[in-house]
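**Q** Build me a model:
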Amino acid sequence: MAIYHCSMKPIGRSGGRSAVAAAAYRTATKILNERDGLTHDFTHKKGVEHSEIVLPEGVDASWAQDRSKLWNAAERAEKRSDARVAREFELALPHELNAQQRLLLVRDFARDLANRYG
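**A** Below is the predicted model:
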């Protein structure tokens, strides 16, 4: 029997978190946080099968395909010290799906969220 899990967690400054740090960690990349000058380097992290940026349909924002520009823009957009700068979705998918099926399922989910909420 297939079992899945989905949860959403806010990434807020009040908890000492940043969208830039979270994005760098989740994608195992190195990104400079322009707001506080910290470089978040997770390039040695293992286990990231795939990462991509999904934009809403009809949005012409090629700059947003650059992970550093996108997440630093999200940080700049919020001015409050207790702002929620991003949301993290955690998905656990059935082991019955192969890697390609999991990728397609998550990509469809991400596109639906991007189109629904812009």
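
**Q** Which secondary structure state is assigned to the residue nearest to the spatial centre of the chain?
**A** For the chain, Ala23 is the residue whose C-alpha lies nearest the centre (C-alpha atoms, centre = their mean; 5.2 Å). Per DSSP: H, G, I helix; E, B strand; the rest coil, the local secondary structure of Ala23 is helix.

**Q** my guess is it contacts Trp71, does it?
**A** Yes: Ala23 is in contact with Trp71 according to C-beta atoms under 8 Å; the separation is 4.5 Å. Every residue, glycine included, has its C-beta placed from N, CA and C.

**Q** Enumerate every residue touching Thr29.
**A** By C-beta atoms under 8 Å, 6 or more residues apart in numbering, the residues touching Thr29 are Ala23, Phe42, Thr43, Ser51, Arg67.

**Q** For the third one, which non-adjacent residue is spatially closest?
**A** Right, Thr43. Lys30 (5.2 Å; C-beta to C-beta, 6 or more residues apart in numbering).

**Q** For His50, see how far away that neighbour is.
**A** 18 Å (C-beta to C-beta, to the nearest Å).

**Q** Comparing the two, which shows the higher neighbour count?
**A** Lys30 (13 against 10; other C-beta atoms under 10 Å).

**Q** beta partners of the more buried one?
**A** Asp41 (DSSP bridges).

**Q** can you check Ile11 too?
**A** According to DSSP bridges, beta-bridge pairing links Ile11 with Ala86.

**Q** ok, now how distant is it from Ala2?
**A** 29 Å.

**Q** nearest residue to Ser18 other than its sequence neighbours?
**A** Ser18's closest residue in space is Asn33 (C-beta to C-beta, 6+ apart), at 5.8 Å.
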